[in-house]
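*Asks:* give the three-dimensional model of this entry:
(2 chains)
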Amino acid sequence: MIDWLPLFLSLRLALVTTAVLLVLGIPLAWWLTRNGPRWKVIVETIISLPMVLPPSVLGFYLLLTFSPSGPLGRLLDHWLDIRLVFTFPGLVVASIFYSLPFMINPLLAGFRQIPPDIHEAARTLGKTESTILFRVLLPNMRASLITGAVLTLAHTIGEFGVVMMIGGNIPGETKVASVAIYDEVQSGNYPLASRYALILLALSFSILLTVYLINRRYNKTIL
Amino acid sequence: MSSPITPTTSGATTFLQFQAAKTLHTAHGPQQLDLSFQLKKGDILALYGPSGAGKTTILRILAGLTHPTTGHIQTENEIWLDTSRKLDLPTRHRSIGFVFQDFALFPHLSVRQQLEFALPPKADTRIIAELLEMMELEALQNQKPAALSGGQQQRVALARAIARRPRLLLLDEPLSALDDEMRSKLQDFILKAHQHYDLTTILVSHHLPEIFRLASEVIVLEKGRIQKKGKVADVFHQDKASDKFKATGEIIDITTIDVACIISVLSGNSTIKIVVTPAEAALLHIGQKIIVTSQTFNPIILPI
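*Replies:* Prediction:
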């Protein structure tokens, strides 16, 4: 019988990560697109690093940082009683770093495709920057918001290396679907591994299909 | 040069005092913008000059969208900019309406929603219906900008700029994208709105007929500096003052008699009749503003 727990855990991790990244990503991307210091390009580079870095490298550094013997891990452990190694919250934090470019890059593209005079026109109408963000900019980049959210969701469901490094393989806590597949293959249980694999394949396919369908629709109506 | 827009002018109060300097990065390399002018309440001032002269930059500095190196902007009793005191009122606190060259309408809002968005909180919402009617947009009020023609978009941009009841209206070549017939109609809308809403208006234009039609004052800019300023008719006519006879007027009648046409031009309080060929007459129409100059023989008619 298939154990649904890893799949639910993957989905839960992906949804929480996406929600957090939407809240963090919108102000971050907005800040990056505004004129400002030149070193912003360094921030942009760091954000995109997880796209090219082997997940195990990212996982390794996160493990060092969050480990109770590491400086940040010790602080969190001592003052807040939070442990980020081999726990679900740790997976969420790791996923936020890991999936950050998949949220930020579509949002950056979204902000940049809005002509600057649209923003300026709103300013000449007496609007504050937050009103402009929520009532002018975000409504005109719905396709980017949806793309960012859906790609983050899909990418987080598919993560493996980072999870292995920082989450391990604790059933119900850190054993997500991708790890479960590896686990089943290791123990020679190919039929179960193939079920997990098939479900993940179908899920990823439908998520990407949704992105492309949405982009096609918005390209017709808005741009 | 004595200028009608100096503070010594008696009568109407000075509405705006503007002074700014900034280095512009143009296609022809860096260029210094450095000028000052004043404007009376209710005036329509045209900024005229070649592209890259700094016309749009002046509007942007007034709106607080571009920041000059040094500058001072004062309207009636409010200081918008004073670089010597590091004072720079944010755009949203300046009482302006800005019509952008390409209109900058919000793609996701209908015509009515654009105006509603522009309205300050607690403002009287009746102005929306009033503007929709004045700009003849009632039938289009639920359309999105993408469904509108250039002329319709321009009217929406104008209505949106006026909805918050600004004191200063800034128009950046608002009619450059339109054909002549549409231009003329929209000039009427601009004049109507200017009068009805008690505005003071600055308009960037390099279209002389538009300036004659709309503006009372003009500043001719070249390479970031004021070349000439004053009443429109004074500024543009003194160039051709070597002609023996010259009159400005409006065509009030065109009559064809046999092989010639007689054009009646109202200039001041008198009517001038000029005989022209039908071919010349075909280029003119009733209501057009023209300059008639006469050398020894033939009168020369220049549309303005």
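*Asks:* helices and strands of the chain: which one bottoms out on pLDDT?
*Replies:* Using chain A here. Least confident helix or strand of chain A, by mean pLDDT, DSSP states H and E, is helix A:71-75 with a mean of 81.
*Asks:* any residue of whichever helix or strand comes after it touching chain B?
*Replies:* Of the helices and strands lying after helix A:71-75 in sequence (DSSP states H and E), the nearest is helix A:88-113. No - against chain B, helix A:88-113 shows no contacts by Cβ under 8 Å from any Cβ of the partner chain, the least distance being 10.8 Å. From N, CA and C alone the C-beta is placed, and that goes for glycine too.
*Asks:* let me know the angle separating the helix or strand just after helix A:88-113 from helix A:88-113.
*Replies:* Using DSSP H and E, the next helix or strand after helix A:88-113 towards the C-terminus is helix A:116-124. Comparing the axes of helix A:116-124 and helix A:88-113 via axes from the mean of the first three to the mean of the last three Cα atoms, to 10 degrees yields an angle of 100 degrees.
*Asks:* which parts of helix A:116-124 are buried?
*Replies:* By neighbour count with 16 or more other Cβ atoms under 10 Å in any protein chain shown, helix A:116-124 contains the buried residues A:117-124.
*Asks:* which other helices and strands contact the helix or strand A:R217 falls within?
*Replies:* Element membership for A:R217, per DSSP H and E: helix A:190-221. Counting by 3 or more Cβ pairs under 8 Å, 6 or more residues apart in numbering or on different chains; DSSP states H and E, the packing neighbours recorded for helix A:190-221 are helix A:5-33, helix A:142-157, helix A:177-186.
*Asks:* can you give me the pLDDT of the nearest residue to B:E76 once chain neighbours are set aside?
*Replies:* Among residues not flanking B:E76 along the chain, B:F15 sits closest, at 6.1 Å (Cβ to Cβ, 6 or more residues apart in numbering or on different chains). Among the per-residue scores, B:F15 holds a pLDDT of 93.
*Asks:* need phi/psi at B:F15.
*Replies:* phi -100, psi -40 (degrees, to the nearest 10).
*Asks:* mean confidence score for the helix or strand encompassing B:I61?
*Replies:* Using DSSP H and E, B:I61 sits in helix B:55-63. For helix B:55-63, mean pLDDT rounds to 95.
*Asks:* over to stretch A:186-200?
*Replies:* 92.
*Asks:* can you give me how far that stretch is from the chain middle?
*Replies:* What separates the centre of stretch A:186-200 from the centre of its chain is 25 Å, taken as Cα atoms, centre = their mean, to the nearest Å.
*Asks:* you'd agree A:F88 is up against A:V176?
*Replies:* No - using Cβ atoms under 8 Å, A:F88 makes no contact with A:V176, being 9.6 Å away.
*Asks:* these two - which one has more neighbours?
*Replies:* Using other Cβ atoms under 10 Å in any protein chain shown as the criterion, A:F88 and A:V176 rank with A:V176 on top: 30 against 17.
*Asks:* which residue packs closest to the more buried one, ignoring adjacent ones?
*Replies:* Closest to A:V176 by Cβ to Cβ, 6+ apart is A:S10, at 4.3 Å.
*Asks:* tally up the residues packed near that neighbour, please.
*Replies:* 26.
*Asks:* where does it land on pLDDT?
*Replies:* So, for A:S10, pLDDT stands at 93.
*Asks:* okay if I get the buried residues of helix A:116-124 as CSV plus pLDDT and distance to B:K22?
*Replies:* Output for the buried residues of helix A:116-124, formatted as CSV (pLDDT from 0 to 100; distance: Cβ to Cβ, whole Å):
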residue, pLDDT, distance to B:K22
A:D117, 93, 19
A:I118, 96, 24
A:H119, 95, 21
A:E120, 95, 17
A:A121, 96, 22
A:A122, 96, 24
A:R123, 96, 19
A:T124, 96, 19
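*Asks:* filter the residues you listed down to the ones close to chain B.
*Replies:* Okay, of the buried residues of helix A:116-124 touching chain B (Cβ under 8 Å from any Cβ), that's A:117-118, A:120-124.
*Asks:* among the residues you listed, which two are most distant?
*Replies:* Farthest pair in those (Cβ to Cβ) is A:I118 and A:T124. Separation: 11.1 Å.
*Asks:* give the residues shared as contacts by A:F88 and A:V176.
*Replies:* Residues touching both A:F88 and A:V176 (Cβ atoms under 8 Å, 6 or more residues apart in numbering or on different chains) are A:9, A:13, A:167.
*Asks:* pLDDT score assigned to the residue most central in space within chain A?
*Replies:* With distances taken as Cα atoms, centre = their mean, A:S99 lies nearest the centre of chain A, 3.1 Å away. At A:S99, the model reports a pLDDT of 94.
*Asks:* who's in contact with it?
*Replies:* A:17-18, A:21, A:50, A:152, A:155-156, A:159.
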